[in-house]
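Engineer: Quick check, what structure comes out for this input:
(2 chains)
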2 protein chains.
Amino acid sequence: MELWYTENHTDNVRFSMKVKKQLYSHKSPFQQIDIFETEEFGKLLTIDGLVMITEKDEFIYHDMIVHVPMATNMDIKNVLVIGAGDGGTVRELTRYKTIEKIDMVEIDELVVKACKKYIPQTASKLDDKRVNLYFEDGIKFVEGKENMYDLIIVDSTDPIGPGEGLFTNEFYNNCFKALTEKGILVNQNESPYYDRDAKEMIRAHKKIKNIFPICEAYQYNIPTYPSGHWLFGFASKKLHPVKDLDKDKWNSLGLKTKYYNTDIHVGSFMLPTYVKDMFKNGIK
Amino acid sequence: MELWYTENHTDNVRFSMKVKKQLYSHKSPFQQIDIFETEEFGKLLTIDGLVMITEKDEFIYHDMIVHVPMATNMDIKNVLVIGAGDGGTVRELTRYKTIEKIDMVEIDELVVKACKKYIPQTASKLDDKRVNLYFEDGIKFVEGKENMYDLIIVDSTDPIGPGEGLFTNEFYNNCFKALTEKGILVNQNESPYYDRDAKEMIRAHKKIKNIFPICEAYQYNIPTYPSGHWLFGFASKKLHPVKDLDKDKWNSLGLKTKYYNTDIHVGSFMLPTYVKDMFKNGIK
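Structural biologist: Residues are numbered from 1 along each chain as shown, chains lettered A, B, ... in the order given. Presented below is the predicted three-dimensional model:
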């Protein structure tokens, strides 16, 4: 018998991973959660049938979502993480001794429970004493918050289903207010390659650009996501992710990272021409 | 009826594209050549069952294999291209008025014939009068050549089958001799992500490093190749691909490119830590 997990990247493109066995399957009030043991990628977490993380390549995603903003402002003390139930984002954040508080708001407690049990590789640091876990709607959580966080990371699913409200003007406005003077917002910004993903990428970018004085995007290569070519959005009130990077200072921390380094930090903001054009002119 | 082309990226990973129809299928004396019309990627050329190019993303591959060396040395006049039967590399080269001669050596005439008929998007410039087509073994072609080419591009298949000899010390030595004083060698350098590809990547890099004073690698994202994360090798006798890049000079040419720009040129040499470590220490 052979068991394969297959994801449709578009109606006409499929990506499949050989599965040793299914470890977990549960329908929460919000979504369908599954965990598989795969041959190539170790554990695989899917939500509503879409890859969230695999043990083999989650380091790429979590390195880039955390270390890029942290190296841009090394005085970050208070962080809000929205989504990120697998725990990988928090794991990377807890490596900074300078961080005092991490509020993590995940709408779906079951994701956290399942990852704690089956994917300790990402979930092991959720018990760090600086971490406050809120099982609430991140959209409501930021409402009315003012000048509280130096960094907000929106580590969300795609803008379909429970993640949808995390891609609205209102939400981005509330994030702006919740951020301190040098505040940074990093968000999952989809992919430029397939039209459907690219449309969402541009929509999110445009909305954020209207609110934040600095709005950039940076790329990374993650093999288990559609096309492998993905972006994070970097928005901030004051700091520029490349001009304000102090390479020596970050390197003096001595953090070992498998994907991130201060060179690729800079390189990741250098985007292909067609991606720059999309941000400027939309999709033709 | 549904027709799908499926490639095994490893024994445990599959990538599939929906096919409208098969346009061409022929076994040459060297290899199995197929061309499909796909739903998502336009025409697809496969050799021995592996993706060579698709119309949707070949611009990424050809931009990066050609414009990176051309922008590093804008005095390049004589070019040798080995492989590249689809014609895409020559198409990009012919856009430079400063190039006087392009010798293209493709072992398999049938690849060129098939691409001329079915994939004019890449093959249309093979009739440029500066292009000399040789249907010969590239390995033998470079033997004994001295001080003839400013740039050699090895646009090969993987180091299995007819492409194997293009990944040997002897071949790289002959390329070194065939190059002029400021000569540059660019070669297909596989992928860091899956072990099998990474081993070949390291082997090729080590051999070239022993011969050329300057030996670097640069990355690009091509969604239809295994993992989407691929590298080219950049080796040269004198010029450094980043330090010797004259951005203004290249930009003054006004060439429109969809992937390449002088920023991503620089960014593409900034590699993830795990890739740098592999080049330094091999695979653990």
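Engineer: Buried ones in the helix or strand bottoming out on mean pLDDT in chain A, by neighbour count?
Structural biologist: Lowest mean confidence among the helices and strands of chain A (mean pLDDT, DSSP states H and E): helix A:195-209, at a mean of 88. Along helix A:195-209, these residues count as buried under the neighbour rule (16 or more other CB atoms under 10 Å in any protein chain shown): A:Asp197, A:Ala198, A:Glu200, A:Met201, A:Ile202, A:Ala204, A:His205, A:Lys207, A:Ile208, A:Lys209. To be clear about C-beta, it is placed using only N, CA and C from the backbone, and glycine gets the same treatment.
Engineer: now do stretch A:143-161
Structural biologist: A:145, A:148-159.
Engineer: Find the closest residue to chain B in chain A.
Structural biologist: A:Gly228 (2.6 Å; CB to the nearest CB).
Engineer: what helix or strand is A:Phe234 on?
Structural biologist: Using DSSP states H and E, A:Phe234 sits in strand A:229-236.
Engineer: how about the residue lying closest to A:Glu200 once chain neighbours are set aside, secondary structure?
Structural biologist: Counting by CB to CB, 6 or more residues apart in numbering or on different chains, A:Glu200 lies nearest to A:Glu190, which is 4.6 Å off, once chain neighbours are set aside. Here A:Glu190 is coil, with the state taken from DSSP: H, G, I helix; E, B strand; the rest coil.
Engineer: Remind me which helix or strand the residue lying closest to A:Phe269 once chain neighbours are set aside belongs to.
Structural biologist: Excluding the flanking residues, the one nearest A:Phe269 by CB to CB, 6+ apart is A:Tyr218, at 4.8 Å. In this structure, A:Tyr218 sits in strand A:214-221 according to DSSP H and E.
Engineer: C-alpha coordinates for that strand, CSV please?
Structural biologist: C-alpha atoms of strand A:214-221 as CSV (Å, rounded to 0.1, in the frame of the first residue of the first chain):
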residue,chain,number,x,y,z
ILE,A,214,7.5,52.0,5.2
CYS,A,215,6.2,49.0,3.3
GLU,A,216,8.4,46.4,1.7
ALA,A,217,8.3,42.7,0.8
TYR,A,218,10.9,40.1,1.1
GLN,A,219,11.2,36.7,-0.4
TYR,A,220,12.3,33.2,0.6
ASN,A,221,12.2,29.8,-0.9
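Engineer: which residues touch that strand?
Structural biologist: A:60-61, A:64, A:68, A:189, A:201, A:205, A:208-209, A:228-241, A:259, A:268-269, A:271, A:275, A:279, B:219, B:221, B:227-229 (CB atoms under 8 Å, 6 or more residues apart in numbering or on different chains).
Engineer: do that again at 6 Å, thanks
Structural biologist: Applying CB atoms under 6 Å, 6 or more residues apart in numbering or on different chains, the external contacts of strand A:214-221 come out as A:60, A:64, A:189, A:208-209, A:228, A:230-236, A:240-241, A:268-269, B:221, B:229.
Engineer: try stretch A:173-192
Structural biologist: In contact with stretch A:173-192 (CB under 6 Å, 6+ apart) are residues A:65, A:69, A:73, A:142-143, A:145-154, A:156, A:197-198, A:200-201, A:204, A:211, A:217, A:226-227, A:229-239, A:275.
Engineer: swap in stretch A:92-100?
Structural biologist: A:His62, A:Val66, A:Lys77, A:Val79, A:Ile102, A:Lys125, A:Asp128, A:Leu255.
Engineer: Alpha carbons only: can I get the helix or strand harbouring the second one in CSV?
Structural biologist: It stands for A:Val66. If you go by DSSP H and E, A:Val66 is part of helix A:58-72. What follows is helix A:58-72 as a C-alpha-only set of coordinates in CSV (Å, rounded to 0.1, in the frame of the first residue of the first chain):
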residue,chain,number,x,y,z
GLU,A,58,9.9,25.0,8.6
PHE,A,59,13.3,26.5,9.6
ILE,A,60,13.1,28.6,6.4
TYR,A,61,9.7,30.1,7.2
HIS,A,62,10.4,30.7,10.9
ASP,A,63,13.9,32.1,10.4
MET,A,64,12.6,34.6,7.9
ILE,A,65,9.5,35.7,9.7
VAL,A,66,11.4,36.3,13.0
HIS,A,67,15.0,37.2,12.4
VAL,A,68,14.4,39.8,9.7
PRO,A,69,12.4,42.1,12.0
MET,A,70,14.4,41.2,15.1
ALA,A,71,17.7,42.2,13.4
THR,A,72,16.1,45.4,12.1
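Engineer: and it, what does it pack onto?
Structural biologist: Identification of packing neighbours for helix A:58-72 by 3 or more CB pairs under 6 Å, 6 or more residues apart in numbering or on different chains; DSSP states H and E yields helix A:88-93, strand A:179-188.
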